[in-house]
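Visitor: this one's sequence-less:
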């Protein structure tokens, strides 16, 4: 049985992966940066997974090592194990390079490449 964390699991590809893992009988923790978005996605996934006991969620900024450690600990505590990690969280900037600030650049690189 899959026991997975899917970062960026509240919409799009991440949500679809979480849905597929649940459909295959797995247990899933999804993450996103927005707590309300996480709660909504967990509710929708839980409805599709029966009683909802196989899906949990947490608002996490994957650039925050302490938050990532807490996320992993929560998943293991809830499910007893963890054997799959889907690093799907990502940030995209759709602006001209000359308008990109150093902070914007750092946020993209830290989220997309250097996640804790």
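Guide: Okay, I see it. These numbers were taken from a predicted model, which means no experiment stands behind them.
Visitor: Report the contact partners of residue 79.
Guide: By C-beta atoms under 8 Å, 6 or more residues apart in numbering, the contact list for residue 79 reads 3, 27, 29. Heads up, the C-betas are built off the backbone N, CA and C, glycines and all.
Visitor: Repeat the analysis, applying 10 Å as the threshold.
Guide: 1, 3, 4, 5, 26, 27, 28, 29, 53, 54, 56 (C-beta atoms under 10 Å, 6 or more residues apart in numbering).
Visitor: How about the last one, nearest residue that isn't a chain neighbour?
Guide: Computed as C-beta to C-beta, 6 or more residues apart in numbering, the closest residue to residue 56 that is not its neighbour in sequence is residue 29, at 5.0 Å.
Visitor: So that neighbour, which state does it fall into?
Guide: Following DSSP: H, G, I helix; E, B strand; the rest coil, the label given to residue 29 is strand.
Visitor: Show me the beta-bridge partners of it.
Guide: residue 5, residue 56 (DSSP bridges).
Visitor: and it, how many neighbours does it have?
Guide: Residue 29 has 27 neighbours, counted by other C-beta atoms under 10 Å.
Visitor: any weak-confidence spans in this structure?
Guide: Filtered on pLDDT under 70, the chain yields the residue ranges 48-52, 115-116.
Visitor: ranges for the strands of it?
Guide: Ranges of strands in the chain, per DSSP state E, are 3-6, 27-32, 55-59, 84-86.
Visitor: Kindly compare burial across the ones you listed and name the winner.
Guide: Among the strands of the chain, judged by mean count of other C-beta atoms under 10 Å, the one packed with the most neighbours on average is strand 27-32 (a mean of 27).
Visitor: okay, the angle between that strand and strand 55-59?
Guide: 20 degrees (axes from the mean of the first three to the mean of the last three C-alpha atoms, to 10 degrees).
Visitor: circling back to that earlier point, does the residue nearest to residue 56 really touch residue 9, like I thought?
Guide: Yes. Residue 29 lies in contact with residue 9 (C-beta atoms under 10 Å); the separation is 8.0 Å.
Visitor: Many thanks, I have nothing further to ask.
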